[in-house]
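In: Sharing a model that was predicted from the sequence below.
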Amino acid sequence: MPKINVYLPDELAEAVKQSGVPVSAICQRALEESVKRVTAIRAVALDDLASGAPALQLSRFTQRTRDVVGLAVDRARAEGAEHVGTGHLLHGVLAEGTNLALHVLRAVEVDPDRVARELARLAPPAGDAVPERFGGDAANALELTVTEALTLGHNYIGCEHLLLGLLAEPDGLGGQALRAAGADLRTARAAVVAALAGYVHLRAQPPSAGGPVDVAAALRRELAPLIGRLDRLEAHVGLESEG
């Protein structure tokens, strides 16, 4: 039977050793599920997706996230792309304009307008193809989106999870544009956790007499202690490695 190496962070590797979990069986099961999802995504015909067929409704995706995917498909068609890629998915997030992913970016001080400029800079010239399916990078990013939602214990898939999926996918234009604009997966994931906790808190508060809540500012306040601790830890590790 062929072997596949799986590399783990040191802390997780040590925890796996101590717990004695059956790594091979768990990895095999997880990979089987991921392969099924990626294969299914790649097999989806865009016309069928647009038709609203029940089996192709992107299970557990919120309506806003489905709207974002629809905008991505429209963009790919307008550009004459061969397939829908991660750059188109990122365009959909930016174009939708009201989703939580954008609040998360602002909270970690990444300007969505700069993301849009980076995406435009990296985008290939327009073509004359008619896209019919999701490309490999987009399929992988959507699978990573599902994985991020499951890892966070969420039973739905929102635009915030799609943002994490795009950042986790290493090769597509979407992740490249986000990283070029200053976003990173670790901080974005922490921001998503804080954002969802913050929304629960904000919804429990009485309406403010001063007008609508600045969600991004509220998230920055929630994130400041966490990011400060992470930065201090990274600095400490860096000093140890230099010594």
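Out: On my side now, so go ahead.
In: can we go C-alpha only for contacts and neighbour counts from here?
Out: Noted.
In: remind me which residues of this protein are low pLDDT?
Out: Residue ranges of the chain with pLDDT under 70: 1-9, 26-45, 47-58, 198-243.
In: could you pull out the helices for it?
Out: Taking DSSP state H as the test, the helices found in the chain are 10-19, 23-43, 46-51, 63-79, 86-96, 100-107, 112-122, 136-151, 159-168, 173-180, 185-203, 215-242.
In: Report how many residues lie close to Pro22.
Out: 10 (other CA atoms under 10 Å).
In: what do you get for Thr187?
Out: 18.
In: try Ala25
Out: Neighbours of Ala25 using other CA under 10 Å come to 10.
In: Pretty sure Thr187 sits against Glu109.
Out: No. In this structure, Thr187 is not within contact of Glu109 by CA atoms under 8 Å, at 10.6 Å.
In: how close does Val130 sit to Val68?
Out: Per CA to CA, to the nearest Å, Val130 is found 19 Å from Val68.
In: ok, His88 - contacts?
Out: Leu71, Ala72, Val73, Arg75, Ala76, Gly174 (CA atoms under 8 Å, 6 or more residues apart in numbering).
In: JSON lines for the residues you listed, including neighbour count and distance to Gly158?
Out: Shown next, in JSON lines, are the contacts of His88 (neighbours: other CA atoms under 10 Å; distance: CA to CA, whole Å):
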{"residue": "Leu71", "neighbour count": "21", "distance to Gly158": "15"}
{"residue": "Ala72", "neighbour count": "25", "distance to Gly158": "15"}
{"residue": "Val73", "neighbour count": "28", "distance to Gly158": "17"}
{"residue": "Arg75", "neighbour count": "20", "distance to Gly158": "20"}
{"residue": "Ala76", "neighbour count": "26", "distance to Gly158": "21"}
{"residue": "Gly174", "neighbour count": "31", "distance to Gly158": "17"}
